[in-house]
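Participant: coordinates only, no sequence provided:
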């Protein structure tokens, strides 16, 4: 996302996006390692819930600050295609014939950004079409990326309202958990859906930081297929 902070602020939320994306990829890595190698420990998956909302927020920043949204979309689309075989390899190495159409997160981010670009440019048909697409096709996180980006976009200059709405989106998790689900958070015999931990992303997103961390954008793009490839190779070696 080039020169995100060079212009006058278009958001009153956290613009320290390299730091945010670093949090996101670390939590994503923990999530994926836990999914494949330590499924008996739900804390790995809980930590991983931080990642997707931060990625969705970073896309919102990119939508408002990038100089060329088309190039941004092309990059996301290319890496979605590159990452798909690695995604299938990491999570479905033994049944890839039936699972290869489960879309990786880059596809979700691509379609979510395309939908919000449609909204931003008043191409309402594009927003509606992408929302329906993510609802009907097996995208990772379904249409949640668009919903989150919609909150970040519409409340870009009202951070208190945005934070409140963001937290409210996770409230259904309080009563939608299952005791039988080992990933659920159990409190006094009550099961809370494990996705509730995504609400914690409200802090890095809405609490402005100024770390000064700068990381080449290609690192964030390349990390995704690279870490999936490593996970897949180790999984095959261990025959998991």
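Facilitator: Received, thanks. These numbers come from a predicted model, not from an experiment.

Participant: contact partners of the worst-scoring helix or strand of the chain on mean pLDDT?
Facilitator: Least confident helix or strand, the chain: helix 96-99 with a mean of 76, by mean pLDDT, DSSP states H and E. For helix 96-99, contacts defined as CB atoms under 8 Å, 6 or more residues apart in numbering pick out 88-89, 91-92. For glycine as for every other residue, the C-beta is placed from the backbone atoms N, C-alpha and C.

Participant: for the helix or strand following that helix, buried residues please.
Facilitator: Of the helices and strands lying after helix 96-99 in sequence (DSSP states H and E), the nearest is helix 105-120. Buried positions in helix 105-120, judged by neighbour count with 16 or more other CB atoms under 10 Å: 105-119.

Participant: stretch 127-135 now?
Facilitator: 127, 130-131, 133-134.

Participant: distance between it and the chain's centre?
Facilitator: 17 Å (CA atoms, centre = their mean, to the nearest Å).

Participant: residue 204 touches residue 54, doesn't it?
Facilitator: Yes - contact criterion CB atoms under 8 Å: residue 204 and residue 54 qualify, at 6.5 Å.

Participant: please identify which of those two sits among more neighbours.
Facilitator: Neighbours were counted for residue 204 and for residue 54 using other CB atoms under 10 Å; residue 54 has more, 24 against 20.

Participant: name the helix or strand for the spatially closest residue to the more buried one that is not a sequence neighbour, please.
Facilitator: Excluding its sequence neighbours, the residue lying closest to residue 54 (CB to CB, 6 or more residues apart in numbering) is residue 24, at 4.0 Å. Taking DSSP H and E as the criterion, residue 24 maps to helix 17-37.

Participant: likewise residue 202?
Facilitator: Assigned by DSSP H and E, residue 202 falls in helix 202-206.

Participant: quick check: buried residues in that helix?
Facilitator: 202, 204-206.

Participant: just give the nearest non-adjacent residue to residue 185, would you?
Facilitator: Nearest non-adjacent residue to residue 185, counting by CB to CB, 6+ apart: residue 192, 4.3 Å away.

Participant: check residue 148 too.
Facilitator: residue 56 (4.3 Å).

Participant: count the neighbours of the one you found for me.
Facilitator: 27.

Participant: and residue 187, what are its phi and psi?
Facilitator: Note on residue 187: backbone dihedrals following degrees, to the nearest 10 are phi -130, psi 110.

Participant: rewinding a little: measure the residue nearest to residue 54 to residue 66 for me?
Facilitator: Note on residue 24: its distance to residue 66, by CB to CB, to the nearest Å, is 18 Å.

Participant: the one residue sitting closest to the centre of the chain: what's its closest spatial neighbour, skipping adjacent residues?
Facilitator: A centroid search over the chain (CA atoms, centre = their mean) returns residue 52, at 2.1 Å, as the residue closest to the centre. In space, and not counting its chain neighbours, residue 52 is closest to residue 141: 5.6 Å by CB to CB, 6+ apart.

Participant: tell me the secondary structure at that neighbour.
Facilitator: Here residue 141 is recorded as coil under DSSP: H, G, I helix; E, B strand; the rest coil.

Participant: on that earlier part again, nearest to residue 44, of the buried residues of helix 105-120?
Facilitator: Of all the buried residues of helix 105-120, residue 44 sits closest to residue 105, with 16.7 Å by CB to CB.

Participant: which non-adjacent residue is nearest that closest one?
Facilitator: That would be residue 140: by CB to CB, 6+ apart, it lies 4.9 Å from residue 105.

Participant: so the one you found sits right up against residue 107, yeah?
Facilitator: Yes - look at residue 140 against residue 107 with CB under 8 Å: they come within range, at 7.4 Å.
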